[in-house]
Structure formats: C-alpha cells, structure tokens
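please work out how this folds:
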Amino acid sequence: MSLLQTIVSGLRSLLLRERSDRELKEELRGFLEMAAEEKIKQGMSREEALRAVRLERRSLDATFHWWEALPDYWAA
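This next block holds a predicted model:
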C-alpha cells in the first residue's frame, strides 16, 4: 500500500469514526429525553426528571466512554 493510500485510508477511518460517534451521542440524548418525558408524565418537573434520569442511567459521557472502550475490551 502506498503512503498516499495509507493516509487516505486513515483519514477515511477517522471521519467515519467521528460520524458514528456523533450519531451515537444523538441517540443517547434521544434516549435520555424519552426517559425524562416519562418522569415528567409521572409528575416531576423537567429539571427533576433530567437529573433523575442522569442519576439512574449514568451520565451521557460515561455511557459514551463505556461504548468507546468496548472494542478495546474485546480485543484484549
């Protein structure tokens, strides 16, 4: 593989990873929103519901970092 092909391949992998990371974050935010809406229906304020969901489901960043580390776990 030539140097140019290697560089192009690396850039493609990086861009695809960034897109998939962005999509995962959007999905997780949507999930947290849906869970918060359920708590709002049960009588909580929006702030209380969002806080409760974060405490129950861990934070969005913690979930995302767990997901990022998963391939390393399986590769070991």
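
so which residue is smack in the middle of this protein?
Centroid check for the chain by Cα atoms, centre = their mean gives Lys25 as the closest residue, at 3.4 Å.

check the gap between it and Glu37 for me.
Lys25 sits 19 Å away from Glu37, taking Cβ to Cβ, to the nearest Å as the criterion. Every residue, glycine included, has its C-beta placed from N, CA and C.

list the buried ones in the one helix or strand Val8 maps to?
Using DSSP states H and E, the element containing Val8 is helix 3-41. Residues 28, 32, 35-36, 39 are the ones in helix 3-41 that count as buried (16 or more other Cβ atoms under 10 Å).

make a markdown table out of the residues you listed and add pLDDT.
Written out in a markdown table, the entries for the buried residues of helix 3-41 read as follows (pLDDT from 0 to 100):
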| residue | pLDDT |
| --- | --- |
| Leu28 | 80 |
| Leu32 | 85 |
| Ala35 | 91 |
| Ala36 | 93 |
| Lys39 | 95 |
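
CSV please, covering the residues you listed and showing distance to Val8.
Shown next, in CSV, are the buried residues of helix 3-41 (distance: Cβ to Cβ, whole Å):
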residue, distance to Val8
Leu28, 31
Leu32, 37
Ala35, 41
Ala36, 42
Lys39, 47
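
between these, which sits nearest Ser2?
Ranked by distance to Ser2 (Cβ to Cβ), these are led by Leu28 at 38.7 Å.

thought Ala36 was touching Val53?
Yes - with contacts counted by Cβ atoms under 8 Å, Ala36 reaches Val53, the gap being 4.9 Å.
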